[in-house]
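Chemist: Got a sequence here, can you build the structure:
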Amino acid sequence: MKSETLAYWYFRLNGFMTILNFVLHPRGSGGQRTDVDILGVRFPYRAEFPEGPEIDEAVFSSSLPQPFFLIAEVTRGECKLNGPWIDPSRGNLNAILAALGVYPAGQVTSVAEALYGNGRTEGPDVTCSLFCVGNARNPDLLARYPSVPQKTWADVVGFIWRRFKAHRAIKTDINQWDETGRRLWKLSELPLHEFETKLREECQLPAP
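Modeler: The predicted model follows:
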């Protein structure tokens, strides 16, 4: 199991539609400019469960009356942001936003500048944020980008386990899920500490 697919399931269970390993190609010939581990968008009126959207992580569901678009970096070690993303001289965030059509062309530059500066921007139509998943929170990153969420693997694993436990009767027919989803579902029968231990072994994640 790859750590990126584990993170994908965390975002999926929080209501995100996602793209894994988005490659940003150059305008001309040559190698790729950069890649993004996970891109995702979550819509504000999600209502999959009787409990309402608040059953999802608060970082996604609290007071967000617009779609939430994220650009996520996934790492086995301490949370980080990929250098090619946050270097304004490279213009990669501009290119990602333009390629995906998240904003009108006339807004791309100002949104990208906000992301380079703050890692997050909230407008009337979209909340856009960089996002980190790693083994531990990074205090230096927090100091530079206090608005960028940092989730640890313990957070991710705990959320998946609790979601599956809470809705075991609803999510019984999982034949259409991918191999990772079915594996997570099976392992979630274990106690939480054993579930986390198994996933750390399979994803080659270090101890917390």
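
Chemist: Would you indicate which residues of the one helix or strand in the chain whose mean pLDDT sits lowest are buried?
Modeler: Within the chain, no helix or strand scores below helix 83-86, which has a mean of 80 by mean pLDDT, DSSP states H and E. Judged by neighbour count (16 or more other Cβ atoms under 10 Å), helix 83-86 contains these buried residues: 84, 85, 86. Glycine gets a C-beta too; all of them are placed from N, C-alpha and C.

Chemist: helices or strands up against that helix?
Modeler: Counting contacts by 3 or more Cβ pairs under 8 Å, 6 or more residues apart in numbering; DSSP states H and E, helix 83-86 is packed against strand 34-42, helix 92-100.

Chemist: if you set the cut-off to 10 Å instead, what comes out?
Modeler: Judged by 3 or more Cβ pairs under 10 Å, 6 or more residues apart in numbering; DSSP states H and E, helix 83-86 is in contact with strand 34-42, strand 68-74, helix 92-100, helix 105-118.

Chemist: Using JSON lines, please lay out these together with distance to residue 187.
Modeler: Formatted as JSON lines, the helices and strands packed on helix 83-86 follow (distance: least, Cβ to Cβ, whole Å):
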{"stretch": "strand 34-42", "distance to residue 187": "21"}
{"stretch": "strand 68-74", "distance to residue 187": "19"}
{"stretch": "helix 92-100", "distance to residue 187": "33"}
{"stretch": "helix 105-118", "distance to residue 187": "36"}
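
Chemist: for the buried residues of helix 83-86, which one is nearest residue 166?
Modeler: Nearest to residue 166, judged by Cβ to Cβ, of the buried residues of helix 83-86 is residue 85 at 34.3 Å.

Chemist: right, and that closest one touches residue 145 too?
Modeler: No - with contact defined as Cβ atoms under 10 Å, residue 85 does not count as touching residue 145 (11.2 Å).

Chemist: Mutual contacts of those two, please.
Modeler: 115, 119, 130 (Cβ atoms under 10 Å, 6 or more residues apart in numbering).

Chemist: just curious, which of those residues is nearest to residue 106?
Modeler: Within those, proximity to residue 106 (Cβ to Cβ) peaks at residue 115, which comes in at 16.4 Å.
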